[in-house]
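**Q** Here you go, sequence then predicted model.
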Amino acid sequence: MIHPAAKCMALIFHRTREQGKKKGTVTADWMKRWSLQEQAENPPYAGRTPTTLAYLHQYDIESAYLAPRGRNETTQAYNKFLYMTIHSFVRAMAGELEMSVTKKWPHIKWTSVCECSTST
């Protein structure tokens, strides 16, 4: 199932990156001014872009974790990479990360199993 928020974030990130490559666009000029055309360092320095330009500020923060598209990478593969990475961020922030073992055997009472293993 597709996560709509992660999909939208991935699409706008990709669109912003592509607009930043086009000469003569306002986005490209802003990205050049704040050096956003290269991948940012990790952790990102979010103070370099104004918060009034919300989409550019968010791009600045996320660019540290999302590598630029490789030369031989297709647009479809890159968009999938962006979506999967952003989706994992969104899930982690929401606290939705569930261990795969609990998904595989949902009928087991995992709270009682965990309590027994920590009490010994």
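**A** Yep, it's here. Numbering: from 1, shown residues only.
**Q** low pLDDT regions in this protein?
**A** 40-46, 95-105, 110-120 (pLDDT under 70).
**Q** those strands in it, which residues are they?
**A** Here the chain has no strands by DSSP state E.
**Q** what's the residue closest to the geometric middle of this protein?
**A** residue 86 (2.8 Å; C-alpha atoms, centre = their mean).
**Q** Does that residue touch residue 62 like I think?
**A** Yes - Residue 86 is within contact range of residue 62, at 7.4 Å (criterion: C-beta atoms under 8 Å). For glycine as for every other residue, the C-beta is placed from the backbone atoms N, C-alpha and C.
**Q** what touches both of those two?
**A** Here residue 86 and residue 62 have 9, 13 as joint contacts, going by C-beta atoms under 8 Å, 6 or more residues apart in numbering.
**Q** From residue 63, how far out is residue 78?
**A** From residue 78 across to residue 63, the span is 14 Å (C-beta to C-beta, to the nearest Å).
**Q** Thanks again, I'm all set now.
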